[in-house]
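S.K.: What follows is a predicted structure for the sequence shown.
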Amino acid sequence: MIAVHTLIAILVIVVLIIALKVDPVISLVLGSLYLGIASGVGLAGTVEAITVGFGDIMVEVGLLIGFGVLIGAQLHASGAFSRLVVLLVRAVGAHRLPYSMAALLSVVMPSIYVDVQVVLAAPVARSAAPKIGKHGLPLMAGALATGIFSGYVFVIPGLSAISIAGLMDIPLGNWLLFGLVLGPVTALLTTLVMRLILRTNYWKPATDEGVAPATELEEARTREVHAVASGHGTTASAGTPGSAETSGSAGTPGSATTAVAARDLPLAVLFLPIIVPLVLIAFGAFANLFEFTNPVIEFFGDANIALFIGLLGAYLISRITHGTESTNNALQSGFHTTGEILLITGVGGSLGAVIGASGLDQVLGGLFTADASMPTVVIIVLAWFVAALLHLAIGSVSVAAIAAAGIIAPVIPPSIGFVIFAPVLGAVDVNPLAMGLAIASGAMFALQVNSNFFWMFNSLLGLTTKGSLKTLTMSTSISSVISLPIVVVLALLLPA
């Protein structure tokens with residue numbers, strides 16, 4: 001009954017938000033209350049799970065969201081994202097931009113928390129959308145979704161990839177070789193499929209697109225750069241009425257001068273507030289992976305510290321180039337956005353905590369036990385299905401991957417070398433690497449409303465709940481399904 005009550009709770013949340021237009025925060029709390037009481041967690045236990053779940057999520061991502069959003073607000077105020085989009089459009093063309101974004105996120109960014117990735121990448125996706133066409137926003141949103149999670153589950157040092165490899169005793173070198181190919185291939189194929197889907201009447205801007213967290217300055221910058229990218233004009237000069245340089249700082253002595261200075265700064269300098277944190281976090285992750293870390297590396301490699309350093313850099317650059325007033329305006333916009341995202345993210349964490357308190361993972365562990373006599377294809381699909389079902393119920397890709405690996409690991413043989421494995425009496429006759437990749441594939445299936453990431457994505461991309469289901473949920477589902485047959489082929493080819 002726990003699985004049934006979980007399904008009912010998720011359906012209730014979806015219906016409340018989409019059909020009855022109830023605010024997501026209220027809907028999530030109602031769903032959490034129903035699940036906790038109906039599944040036997042108890043009144044006091046349900047309240048505790050909701051409050052503790054909210055607090056736990058804030059501990060994990062609260063500062064990351066706050067610092068990341070504020071960095072994004074400052075970079076928008078400087079016009080950095082708009083300039084980057086123009087550069088990318090000119091380098092690869094608007095048609096290829098979603099593919100470039102998906103590949104970049106899946107290969108380069110897996111060492112970064114997914115929450116940080118979406119905070120940093122969402123402004124670029126929003127700024128790039130108008131250059132692609134009428135379906136630019138959903139296409140870029142889909143590319144962002146598949147890029148982040150294909151890298152997260154397949155590519156070392158993505159958290160899910162490392163977790164599965166560790167639990168199933170798979171050498172990281174083995175996983176790295178195959179995951180580094182499977183991750184970007186999945187992301188690129190998913191982006192292609194999303195482009196084909198969007199050629200139909202699938203996307204309805206009136207109901208699928210909400211209000212993006214944008215400032216007046218950002219909007220002016222976007223219009224300005226769109227004109228440059230389209231070849232219909234040149235960048236507005238400082239002091240021109242309505243130009244980005246005068247927005248938010250009109251009447252301030254020297255505002256035009258400082259705006260020109262910001263525009264003339266090299267793009268690499270403007271993006272140092274993002275580049276430096278990424279380098280620090282990635283270096284810390286690899287230092288830990290290869291065991292040459294120390295307290296100093298751990299301190300500066302911590303995502304919270306790294307992003308705060310980035311925020312300081314963004315603040316200083318903005319103060320120097322735009323002045324105090326414009327900088328403070330950008331910060332105020334960022335604070336407003338941060339509060340909204342933190343609340344809905346925390347309540348999403350509450351639902352996940354109630355699901356955990358219900359004991360659903362233990363129920364699934366008893367329901368699914370692999371049989372050594374099963375065909376390879378059936379075992380791979382079973383591993384995928386266990387991870388997918390766990391993700392649908394729990395709402396966390398990493399937790400679903402870890403739980404599924406814990407369920408499957410006892411029935412697979414331990415690895416002894418590079419893609420060569422010794423048979424174990426009673427173990428399934430399938431390569432552990434293939435089993436691990438199947439779990440990774442299933443763990444990203446249909447990321448939806450019981451995930452705190454869903455609500456971050458929803459707010460940062462400026463989508464409605466329906467729009468996020470059509471992009472994030474659809475993209476992760478496609479990625480999961482597309483990668484499964486590739487894993488099946490690997491399982492048939494690799495020695496058991």
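M.R.: Received, thanks.
S.K.: And the strands in this structure, which stretches?
M.R.: Counting by DSSP state E, one finds strands in the chain at the ranges 415-417, 420-421.
S.K.: and these, which one's lowest on average pLDDT?
M.R.: Mean pLDDT is lowest for strand 420-421 out of those, coming in at a mean of 34.
S.K.: Check A238 and give its pLDDT.
M.R.: pLDDT, A238: 32.
S.K.: And N431, by the same measure?
M.R.: For N431, the model assigns a pLDDT of 86.
S.K.: That one touches V489, doesn't it?
M.R.: No. Contact criterion CB atoms under 8 Å: N431 and V489 do not qualify, at 11.8 Å. C-beta: built from backbone N, CA, C; applies to glycine.
S.K.: neighbour-wise, which of the two wins?
M.R.: A count of neighbours by other CB atoms under 10 Å puts N431 above the other of N431 and V489, at 26 against 13.
S.K.: how much space between the more buried one and V487?
M.R.: N431 sits at a distance of 10 Å from V487 (criterion: CB to CB, to the nearest Å).
S.K.: any shared contact partners between these two?
M.R.: Common neighbours of N431 and V487, using CB atoms under 8 Å, 6 or more residues apart in numbering, do not exist here.
S.K.: By mean pLDDT, flag the weakest helix or strand of the chain.
M.R.: strand 420-421 (a mean of 34; mean pLDDT, DSSP states H and E).
S.K.: Mind jotting down where the helices sit in the stretch 301-450 of the chain?
M.R.: Per DSSP state H, counting those that start in this stretch, the stretch 301-450 of the chain carries helices over the ranges 303-357, 360-367, 376-394, 397-408, 432-443.
S.K.: Give me the most central residue, the chain.
M.R.: Centroid check for the chain by CA atoms, centre = their mean gives V114 as the closest residue, at 4.2 Å.
S.K.: could you point out where the stretch 51-200 of the chain is predicted with low confidence?
M.R.: 81-82, 85, 111-113, 157 (pLDDT under 70).
S.K.: what about the helices in the stretch 51-200 of the chain?
M.R.: Residue ranges of the helices in the stretch 51-200 of the chain, as given by DSSP H, counting those that start in this stretch, are 63-78, 80-92, 97-108, 114-132, 136-154, 159-167, 172-197.
S.K.: buried ones in the longest one?
M.R.: Of the residues in helix 172-197, 172, 174-176, 178-180, 182-191, 193-195, 197 count as buried by neighbour count, 16 or more other CB atoms under 10 Å.
S.K.: Direction-wise, compare that helix with helix 97-108 and give the angle.
M.R.: Helix 172-197 and helix 97-108 are oriented at 170 degrees to each other (axes from the mean of the first three to the mean of the last three CA atoms, to 10 degrees).
S.K.: just the second one next, same as before
M.R.: Here helix 80-92 runs at 100 degrees with respect to helix 97-108, directions being taken by the same axes, to 10 degrees.
S.K.: Then the fourth one?
M.R.: Per the same axes, to 10 degrees, the angle that helix 114-132 makes with helix 97-108 is 160 degrees.
S.K.: wait, isn't A401 in contact with A443?
M.R.: Yes. In this structure, A401 is within contact of A443 by CB under 8 Å, at 3.9 Å.
S.K.: neighbour-wise, which of those two wins?
M.R.: A443 (33 against 29).
S.K.: for the more buried one, what are its contacts?
M.R.: The neighbours of A443, taking CB under 8 Å, 6+ apart as the test, are 153, 160, 387-388, 390-391, 397-398, 400-401, 404.
S.K.: Grab the two from those residues that are most spread out in space.
M.R.: Greatest spatial distance among the contacts of A443 (CB to CB): A388 and S398, at 14.3 Å.
S.K.: Same drill for the two, tell me which one is more crowded.
M.R.: Between A388 and S398, A388 has the larger neighbour count (other CB under 10 Å), namely 23 against 20.
S.K.: ok, now which ones touch the more buried one?
M.R.: Counted by CB under 8 Å, 6+ apart, A388 has contacts 400, 442-443, 445-446, 480.
S.K.: Could you identify which of those residues has the most neighbours?
M.R.: Counting neighbours by other CB under 10 Å, A443 comes out on top of those with 33 neighbours.
S.K.: how close does that one sit to L105?
M.R.: Relative to L105, A443 is positioned 17 Å away (CB to CB).
S.K.: same thing with G142?
M.R.: 12 Å.
S.K.: cool, and L176?
M.R.: Relative to L105, L176 is positioned 17 Å away (CB to CB).
S.K.: and if you look at G346?
M.R.: G346 is 25 Å from L105, where distance means CB to CB.
S.K.: swap in H322?
M.R.: 29 Å.
S.K.: who has more neighbours, the two?
M.R.: Neighbour tally, H322 and L105, criterion other CB under 10 Å: the higher count belongs to L105, 30 against 27.
S.K.: thought that one was touching L188?
M.R.: No. Using CB under 8 Å, L105 is not in contact with L188; the gap is 11.2 Å.
S.K.: So, low pLDDT: which residues of the stretch 351-496 of the chain?
M.R.: Residues of the stretch 351-496 of the chain that meet the cut-off, pLDDT under 70, sit at 360-374, 406-407, 409-429, 496.
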